[in-house]
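**Student:** Sharing a sequence plus its predicted fold:
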Amino acid sequence: MNLQQLRYLNEVVRRGLNISDAANALYTSQPGVSKQIKLLEDELGIDIFVRNGKRIVAVTEPGKAVLDIAQRVLRETDNLRQVGQEFKQQDSGNLTIATTHTQARYALPRVVQQFTRRYPEVKLGLHQGNPTQIAEQVLSGEADIGIATESLALYDELVTLPCYEWHHCVVVPSKHPLLDEKRLTLKKLAQYPIITYDFAFTGRNKINQAFSEAEIEPNIALTAIDADVIKTYVELGLGVGIVAQMAFVPERDKHLRMLDAGHLFEASTTRIAIRRNQYLRGFGYHFIELFAPHLTRDVVAQALHLTK
C-alpha cells in the first residue's frame, strides 16, 4: 500500500468513476491506474469497486470506508507538506480562493490588492463558481478557502465563519415609475418583471422567502449568476433588478438608479469556509483577516482545532 495508490483511488472517484479521465488528470496511463487499484484491492482483500466488465460502475460498501480513510490520509499528507513549506518558505507558495462572481467582482479586489503587495511570491488563484461548487472545491483540496453566501454552512466537513452581513437593493433605469414611490413595497415591486440571481446564488432564498411570506407571486422574468448581467438587462428595459447592494457602483452604473430594499429582504451573511482540520499557511490566515478583520488567526485556528 502506498500514497500513489490512494491518490489514484481518490481521483477515480472524483472523476465520476472514469478511469480514463482520472489517468489524464494524474498524467499517467489508464492501465497503470487500473493496475495500482487492483493491487490495493488484493492487498486489502476486498473489492473497492463494483465492475461491469472492465468498467467501474459503483463503489462497494467496504470501498466507501477505504475511500474515507484514503481521503483523510491524503489530507494529512498535504498538511505535512504545508507544515514544511510554512517554515521553509514562509512568504511564498500557493493560495486558491473559491468564490462567487459577486464576491470576486465587488468584495475581493481591495483584499487581493493588499495581499499581493504583502506577498508578491504567493501565487493567488481565484476560482469562480456556485456555492455548491465552491464547497466541493474546498472539500477536495482544490481550493484552500471558500467564500460565499449560500450553502456553505450545510457541510459538516467544513468550518464556516461569518464575515459580514449585506442587504439587497433594487436597481431600475433612470425615470422608472418606482423612483416616485416614497417607500418601496413588495406589492409594487411585483407589478414589474424582475431580474435577479439564479436560485443558488447571493441570497436568492431571502428574496423568495420575503415574497412567500407576503403571499405575493413575483414575476421572475430572468435569472443570472452575476450582478453585471442582471444590470445589463435592466438597462435594456427588460425589468427591474434585485442585486446585492455592494454590486451597485454609482460611478459605473450611471444609467441606473438604486432603491433601498433593506426593509423588504432579510440580511444575508457572507461566510468563509475551510476544510475541517486543514493546516492553513500563515498567509492564508492573513488573507482571511484582510477580508474580515474580526477573523484573526487565533479565532480561525481555534475554529479549526489547530494551534499556531
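**Tutor:** Thanks, I have it. Residues are numbered from 1 along each chain as shown.
**Student:** ok, residue 164 to residue 297 distance?
**Tutor:** Taken as Cβ to Cβ, to the nearest Å, the spacing of residue 164 relative to residue 297 amounts to 18 Å. In short, each C-beta sits where N, CA and C put it, glycine included.
**Student:** same thing with residue 212?
**Tutor:** Separation of residue 212 from residue 297 (Cβ to Cβ): 41 Å.
**Student:** Give the residue from the two that has the larger number of neighbours.
**Tutor:** With neighbours defined as other Cβ atoms under 10 Å, residue 212 and residue 297 compare such that residue 297 has more, 16 against 12.
**Student:** For residue 148, give me the backbone phi and psi.
**Tutor:** The phi/psi pair for residue 148 (degrees, to the nearest 10) reads phi -160, psi 170.
**Student:** so where's the stretch 51-200 of the chain shaky on pLDDT?
**Tutor:** Counting by pLDDT under 70, the ranges of the stretch 51-200 of the chain that qualify are 79-80, 82-90.
**Student:** Can you show me the strands along it?
**Tutor:** Along the stretch 51-200 of the chain, the segments classed as strands by DSSP state E, counting those that start in this stretch run 55-59, 92-99, 121-128, 145-148, 158-166, 168-173, 194-197.
**Student:** So residue 213 versus residue 266, what's the distance?
**Tutor:** From residue 213 over to residue 266 (counting by Cβ to Cβ), the distance is 10 Å.
**Student:** so how far is residue 93 from residue 123?
**Tutor:** The spacing between residue 123 and residue 93, counted by Cβ to Cβ, is 7 Å.
**Student:** follow-up on the earlier one: out of residue 213 and residue 266, which sits in the busier spot?
**Tutor:** Between residue 213 and residue 266, residue 266 has the larger neighbour count (other Cβ under 10 Å), namely 16 against 10.
**Student:** So which residue is dead centre in the chain?
**Tutor:** In the chain, the residue lying closest to the centroid (Cα atoms, centre = their mean) is residue 134, at 2.5 Å.
**Student:** hang on, isn't it packed against residue 271?
**Tutor:** No. Look at residue 134 against residue 271 with Cβ atoms under 8 Å: they stay out of range, at 10.4 Å.
**Student:** mind listing the helices for this structure?
**Tutor:** Along the chain, counting by DSSP state H, helices occupy 3-14, 19-25, 30-44, 61-88, 101-102, 109-118, 131-140, 186-189, 204-213, 227-235, 282-291, 297-303.
**Student:** Mean neighbour count, those: which tops it?
**Tutor:** Of all the helices of the chain, helix 101-102 has the most neighbours on average by mean count of other Cβ atoms under 10 Å, namely a mean of 23.
**Student:** Just to check, residue 4 is in contact with residue 36?
**Tutor:** Yes. If you go by Cβ under 8 Å, residue 4 and residue 36 touch, sitting 6.4 Å apart.
**Student:** Distance to residue 187 added to the strands of the stretch 51-200 of the chain, as a markdown table?
**Tutor:** Formatted as a markdown table, the strands of the stretch 51-200 of the chain follow (distance: least, Cβ to Cβ, whole Å):
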| stretch | distance to residue 187 |
| --- | --- |
| strand 55-59 | 51 |
| strand 92-99 | 35 |
| strand 121-128 | 35 |
| strand 145-148 | 31 |
| strand 158-166 | 24 |
| strand 168-173 | 13 |
| strand 194-197 | 13 |
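**Student:** Mean neighbour count, the ones you listed: which tops it?
**Tutor:** Mean neighbours per residue, mean count of other Cβ under 10 Å, is largest over those for strand 145-148, with a mean of 28.
**Student:** How far away from the center of its chain is that one?
**Tutor:** Remark: strand 145-148 is offset 5 Å from the chain centroid, using Cα atoms, centre = their mean, to the nearest Å.
**Student:** Listing partners with orientation, what would you give for that strand?
**Tutor:** Strand 145-148 pairs in its sheet with strand 92-99 (parallel), strand 268-275 (antiparallel), by DSSP bridges.
**Student:** To residue 28, which of those lies closest?
**Tutor:** Nearest to residue 28, of all the strands paired with strand 145-148, is strand 92-99, at 22.4 Å by Cβ to Cβ.
**Student:** Tell me who's in contact with residue 183.
**Tutor:** residue 263 (Cβ atoms under 8 Å, 6 or more residues apart in numbering).
**Student:** and if you look at residue 269?
**Tutor:** Contacts here follow Cβ under 8 Å, 6+ apart; on that basis residue 269 touches 149, 162, 163, 164, 165, 166.
**Student:** List the beta-bridge partners for it.
**Tutor:** Residue 269 has these beta-bridge partners by DSSP bridges: residue 165.
**Student:** what pLDDT does it get?
**Tutor:** Per-residue pLDDT puts residue 269 at 92.
**Student:** quick one on the thing from earlier: which of the strands of the stretch 51-200 of the chain sits closest to residue 251?
**Tutor:** Among these, strand 168-173 comes nearest to residue 251, with 14.5 Å by Cβ to Cβ.
**Student:** Many thanks, I have nothing further to ask.
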